[in-house]
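S.K.: return atomic coordinates for the entry below.
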Amino acid sequence: MTVEDIKKNVGKFLAEGSMGEAINVIYAYLKEHPDDKQVAALLEQILTIVKYNNRDIYAATNLDMDPWEE
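M.R.: Numbering: from 1, shown residues only. From the prediction side, this is the model:
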């Protein structure tokens, strides 16, 4: 699988709202290609999106979403 194939598959899952499937595809690719910085950066972006989407704003004291107060 090439990086372009990974991006296409991940993009398809993200469009469907399947963040978990996109993460699984990336982890499977990174198992075989652990030095691929481009795909590792894509994984970090998706994990950050998941982190912010799953925030409970009512339980958070940082209501302004200031990144330096996390």
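S.K.: which neighbouring elements make contact with the helix-or-strand element of the chain with minimal mean pLDDT?
M.R.: Least confident helix or strand of the chain, by mean pLDDT, DSSP states H and E, is helix 3-16 with a mean of 87. For helix 3-16, the contact count by 3 or more C-beta pairs under 8 Å, 6 or more residues apart in numbering; DSSP states H and E identifies helix 19-32, helix 37-53 as packing neighbours. C-beta coordinates here come from the backbone N, C-alpha and C atoms, glycine included.
S.K.: turn the ones you listed into JSON lines, including distance to residue 10, mean pLDDT and mean neighbour count.
M.R.: JSON lines is the format used below for the helices and strands packed on helix 3-16 (distance: least, C-beta to C-beta, whole Å; pLDDT from 0 to 100; neighbours: other C-beta atoms under 10 Å):
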{"stretch": "helix 19-32", "distance to residue 10": "5", "mean pLDDT": "92", "mean neighbour count": "15"}
{"stretch": "helix 37-53", "distance to residue 10": "7", "mean pLDDT": "89", "mean neighbour count": "13"}
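S.K.: tabulate the ones you listed (CSV), appending distance to residue 3.
M.R.: Converted to CSV, the helices and strands packed on helix 3-16 look like this (distance: least, C-beta to C-beta, whole Å):
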stretch, distance to residue 3
helix 19-32, 8
helix 37-53, 6
